[in-house]
Each structure stands twice: as C-alpha cells, then as structure tokens.
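[1] The following comprises the amino acid sequence and a computationally predicted model.
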Amino acid sequence: MTLRPILIHPDPRLKSTADPVADVDKGVRALADDMLETMYDAPGIGLAAPQIGILHRMLVMDCVKDEMATPEPMVLINPRVLSSSEETNVYDEGCLSIPDQYAEVERPASVKVEWTDLDGKTVQQDFNGLWATCVQHEIDHLNGKLFIDYLKPLKRQMITRKMQKLKREIARGNA
Ligand SMILES: [Zn+2]
C-alpha cells in the first residue's frame, strides 16, 4: 500500500469527468487499498480517485467517526445514484482537496446507490445521514464537481483564492 498525494483545488483534474472502470482487476484492487490508506491517513471520511489524479469512477469512504467503533471501509466502483429523497439535509462539508475550508451544502437526505464492488458484483444500498452526504459529495468528484460549486460565486472565489495562496506556499516549501 502506498500513500498517494492528494491534489489541491484548483487543478484541472478535479474539474474533469472520470472514466468508467472497465475491469475490476488486480490494479483496481491495489488502487482501492492505496485510496483507503490515503483517506485514513489524511484523515478523511471519503476520497475519490480524481483527488489523487486518477480519472477513474471509483471512490472509498468510511463515515464511522467514533474511533472506538469498528471501521467500515467501503469501495464503490462505477457508482451511480438511482434515486434521491425529496427530503433534504444540510451538512457543513469539507474536502481533502480544499483543506480547512467548510461550508453548508444542502443535498437529498437519503439516496439509493448502485455500484460494482471489488468482487465485480453489482450492489445496491440506501444511504442516509452522513453516509448520504458523503457518497453524494464523492460521486460529484467523479463528475468534476466540488462542494464549493454549490456556494455563491463570491464565497467560492474567496475559497479558491485561499487555495491558490496555499498551493504557492506548498510550492515554496513553506507549508
Ligand atoms: Zn471532496
């Protein structure tokens, strides 16, 4: 397993539509391991492949926040939302590609999602609570969409400028 560097917004790869995964092979399983390790190390509750510069429709998540509880790592390949609830939920979202920035985003409170698992089997599951927010946030990444795209332009520009500054500092070796 290898820790992968996480891309920071703005980056063209974070604005791209990812391609479907054709085969769940050894390479895909190794990538899933790397993504989970990178997510837990960050730490974060979700990570999509484009965030490590790989434009494949694949994401990992684990929304168990209690450190004493058993982890529930999930790997979703080619996920798609089959249905969404009318009821919505507002959550203060953050993103590993937009460090230390949080903002309220309104999304459907529950969603039914279908995906391919690591055995190549098709799986369907209903998500609600934090899991619903997380899976929608991660699927957005596969479509080149970030949570700040839901915010008013002024707020989005403010966050983007902060991230540009952060990236300049990282490039200079000051962060
Ligand atoms: Zn994110």
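    Received it, and whenever you're ready, just let me know what you need.

[2] switch to C-alpha atoms for all contacts and neighbour counts from now on
    OK.

[3] you'd agree residue 3 is in a strand?
    No: according to DSSP: H, G, I helix; E, B strand; the rest coil, residue 3 belongs to no strand; its state is coil.

[4] Next one, pLDDT for it please.
    Note for residue 3: predicted pLDDT of 96.

[5] in this protein, which segments are predicted with low confidence?
    Along the chain, the model assigns pLDDT under 70 to residues 175.

[6] for it, what spans make up the helices?
    26-41, 129-142, 153-172 (DSSP state H).

[7] which of those helices sits most buried?
    Of all these, helix 129-142 has the most neighbours on average by mean count of other Cα atoms under 10 Å, namely a mean of 22.

[8] what's the distance between residue 29 and residue 41?
    Per Cα to Cα, to the nearest Å, residue 29 is found 18 Å from residue 41.

[9] likewise residue 112?
    From residue 112 to residue 41 the distance is 28 Å (Cα to Cα).

[10] Now do the contacts for the one residue sitting closest to the centre of the chain.
    Central residue of the chain (Cα atoms, centre = their mean): residue 138, 3.3 Å from the mean position. Contact partners of residue 138, counting by Cα atoms under 8 Å, 6 or more residues apart in numbering, are 46, 47, 48, 59.

[11] Can you give me the neighbour number for the residue lying closest to residue 6 once chain neighbours are set aside?
    Closest residue to residue 6 apart from its sequence neighbours, by Cα to Cα, 6 or more residues apart in numbering: residue 52 at 4.9 Å. Other residues near residue 52 come to 20 when the count uses other Cα atoms under 10 Å.

[12] Run through the residues that contact residue 52.
    Residue 52 makes contact with 4, 5, 6, 7 under the criterion Cα under 8 Å, 6+ apart.

[13] Can you pick out the most distant pair from those?
    Spanning the widest gap among the contacts of residue 52 are 4 and 7, at 9.4 Å by Cα to Cα.

[14] And these two? Which one has more around it.
    Ranked by neighbour count (other Cα under 10 Å), residue 4 and residue 7 place residue 7 first, with 18 against 15.

[15] who touches the more buried one in this structure?
    Neighbouring residues of residue 7 by Cα under 8 Å, 6+ apart: 14, 51, 52, 53, 97.
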